[in-house]
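> here is a sequence with its predicted model. Questions after.
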Amino acid sequence: MQPSSLQELDAFHRFARGRLSNPTHECSLEDCLKAWRERDETIADVVQGRRDFEAGLFVSVDDAFDRIHRELGIPQ
């Protein structure tokens, strides 16, 4: 379920207020917006990865490294 625009605005407001009120974390509102967008992209990537995994569309880390080693001619 997609959050409503007001819910998303409230969530961003809490996120930005938390960052901007932290004296050890100096950032601008633009920095907060960039971090928020990166956070959304990361969440979307994790959700898609989970869907791919559940659909059986994954390769084990060992298999992936084996393939990379073969492609690059690196002995294992």
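In hand now; what should we look at? Numbers count the residues shown, from 1 in each chain.
> next, Gly49: secondary structure please.
At Gly49, secondary structure determined by DSSP: H, G, I helix; E, B strand; the rest coil is helix.
> that one: how many residues sit nearby?
12 (other Cβ atoms under 10 Å). C-beta: built from backbone N, CA, C; applies to glycine.
> show the contacting residues for it.
Applying Cβ atoms under 8 Å, 6 or more residues apart in numbering to Gly49 gives no contacts.
> cool, and Thr42?
Contacts of Thr42 by Cβ under 8 Å, 6+ apart: none found.
> which helix or which strand is home to it?
helix 29-54 (DSSP states H and E).
> and the helix or strand just after that helix, average pLDDT?
Later in the chain than helix 29-54, the nearest helix or strand by DSSP H and E is helix 61-72. Average pLDDT, helix 61-72: 92.
> repeat that for stretch 12-27.
Mean predicted confidence for stretch 12-27 is 90.
> just the pLDDT for the most centrally placed residue in the chain.
The chain has Thr42 as the residue nearest its centroid, 1.3 Å off, counting by Cα atoms, centre = their mean. We have a pLDDT of 96 for Thr42.
> what's the spacing between it and Ala11?
Using Cβ to Cβ, to the nearest Å, Thr42 is found at 15 Å from Ala11.
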